[in-house]
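Q: fold the following.
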Amino acid sequence: MASEATPAPLYQDQFVEIYADHLSIKTYYFPFGQDTRVDLPSESGTVSFATDRDLGFTWKDKKSWGMAFNNVWWALDFGREFRQRHLGIVITVGDHRFRKGFSVEKEEAALKVLDSLLPRTKHPQSS
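A: Next comes the predicted model:
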């Protein structure tokens with residue numbers, strides 16, 4: 001019996017791998033840096049996304065790693081709150097209390113894939 005090959009990610013960079021059926025957010029958990037997985041669809045409800053720009057986030061709404069002054073837990077990207085090197089993506093999963101944030105290196109490519117898989121967050125929660 002042949003084993004099934006793992007599908008290639010639709011998008012990947014140092015921060016995230018996006019597949020048709022899940023996201024793998026890299027270096028998510030503090031302090032050890034384990035990744036986290038978000039299934040698409042999720043048993044916990046609708047999964048949607050917004051960019052940090054869509055949400056009007058400023059430096060105080062972002063953090064290099066961990067919880068900012070809102071309900072977003074950010075995966076590791078040192079200096080995120082002070083530099084605009086990478087676009088921030090915020091994932092909302094159903095009625096989960098905390099949203100998941102991560103950066104992407106190639107904004108246009110990442111947004112194209114995310115837009116094909118997920119709806120944009122309709123009523124973004126303000127910070």
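
Q: from now on I want contacts and neighbour counts done on CA atoms only, so please keep to that.
A: Fine.

Q: nearest residue to Arg80 other than its sequence neighbours?
A: Once flanking residues are discounted, Arg80 sits nearest to Ser64: 5.2 Å by C-alpha to C-alpha, 6 or more residues apart in numbering.

Q: quick one, what contacts the one you found?
A: By C-alpha atoms under 8 Å, 6 or more residues apart in numbering, the residues touching Ser64 are Trp74, Ala75, Leu76, Asp77, Phe78, Gly79, Arg80, Glu81.

Q: strand partners (parallel or antiparallel) of the least confident helix or strand in the chain by mean pLDDT?
A: Least confident helix or strand, the chain: strand 66-67 with a mean of 94, by mean pLDDT, DSSP states H and E. Strands that pair with strand 66-67, judged by DSSP bridges, come out as strand 72-74 (antiparallel).

Q: same for the very next helix or strand once past the strand it pairs with, what does it pack against?
A: Under the assignment DSSP states H and E, the closest C-terminal helix or strand after strand 72-74 is strand 87-93. The helices and strands touching strand 87-93, judged by 3 or more C-alpha pairs under 8 Å, 6 or more residues apart in numbering; DSSP states H and E, are strand 47-51, strand 99-104.

Q: can you list the strands that the longest one pairs with?
A: For strand 99-104, sheet partners with direction are given as strand 72-74 (parallel), strand 87-93 (antiparallel), following DSSP bridges.

Q: kindly compare burial across the helices and strands packed on strand 87-93 and name the winner.
A: strand 99-104 (a mean of 24; mean count of other C-alpha atoms under 10 Å).

Q: contacts for that one, please.
A: Counting by C-alpha under 8 Å, 6+ apart, residues outside strand 99-104 touching it are 13-16, 25, 71-77, 86-93, 110.

Q: with stretch 30-45 instead?
A: 20-29, 47, 65-66, 76, 93-96.
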